[in-house]
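Student: what's the 3D shape of this:
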Amino acid sequence: MKEPSSPGGRQQSQRRSPGAVNDEELKKRIAEELALERARRDSEAQKRRLKQEQEYVRDEFGKILERERISSNEHLTRAILRERAATEEERQKAQRFARQLEEKDRELKKHDAYYKEQLARLEERVSLSSFLMKSFLFISATDFLVMFYC
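Tutor: Predicted coordinates for the structure are as follows:
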C-alpha cells in the first residue's frame, strides 16, 4: 500500500513554484484581456454595423420622402393646371354670356324703339281719326241744323 503522503509533500503540492503561479495568473489575465479586447472589437463592430444600418435606413427614408415630395408636387401641379383650365373655361363662358346679354340688350332696345315708333304712329292715327270724326260730326250736325232750320 501507499504510504500516506507526508506533510511536506502536501506543502510542496500546495506551494507551487512562483513562476507557475504567475504563468497561470498571466494566462488568466491574458485570456481576460483578450476576451475584453474581443468584446470591445465586437462592440465597435456592432456599433459600426448599427451606424451603417442607421445611415442606410436614413438614406432609404430620404429616398422615400423625395419620391413622395416629387409625387406630391406632380399631383399639386396637375391639380393647379386643372384648376387653371377650369378657371379659363369659366372666364370664357362668362365672356360668352356677357356678349349674349349685350346682344339681347341691343335687340330689346331695337324692339323698344320700334314699339315706341309704332305707338307714336297709332297715337297719331287715333288723334287724326278722332279729329276727322269730330270734324265729320261737326259738319254733319251743322248740315242737320241748317236743314232743320231752313
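Student: just the helices in this protein please.
Tutor: 7-14, 18-149 (DSSP state H).
Student: can you redo those helices as TSV with mean neighbour count and mean pLDDT?
Tutor: Every C-beta, even on glycine, is put in place using the N, C-alpha and C of the backbone. Shown next, in TSV, are the helices of the chain (neighbours: other Cβ atoms under 10 Å; pLDDT from 0 to 100):
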stretch	mean neighbour count	mean pLDDT
helix 7-14	9	47
helix 18-149	10	91
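Student: list the contacts of residue 46.
Tutor: Listed by Cβ atoms under 8 Å, 6 or more residues apart in numbering, residue 46 has no contact partners.
Student: so how far is residue 55 from it?
Tutor: Computed as Cβ to Cβ, to the nearest Å, the residue 46 to residue 55 distance reads 15 Å.
Student: contacts only, for the residue nearest to the spatial centre of the chain.
Tutor: Centroid-nearest residue in the chain: residue 76, 5.3 Å away (criterion: Cα atoms, centre = their mean). Residue 76 makes contact with no residue under the criterion Cβ under 8 Å, 6+ apart.
Student: against residue 67, how distant is it?
Tutor: 15 Å.
Student: and for residue 134?
Tutor: Counting by Cβ to Cβ, the gap from residue 134 to residue 67 is 98 Å.
Student: same question for residue 146.
Tutor: Relative to residue 67, and taking Cβ to Cβ, residue 146 is found at 116 Å.
Student: same deal with residue 121?
Tutor: Following Cβ to Cβ, the distance that separates residue 121 from residue 67 is 80 Å.
Student: do the same with residue 143
Tutor: 111 Å.
Student: next: residue 44.
Tutor: 34 Å.
Student: next one: residue 149
Tutor: Distance from residue 149 to residue 67, by Cβ to Cβ: 120 Å.
Student: ok, residue 111 next?
Tutor: 65 Å.
Student: ok, now residue 140?
Tutor: 106 Å.
Student: no more questions from me, cheers.
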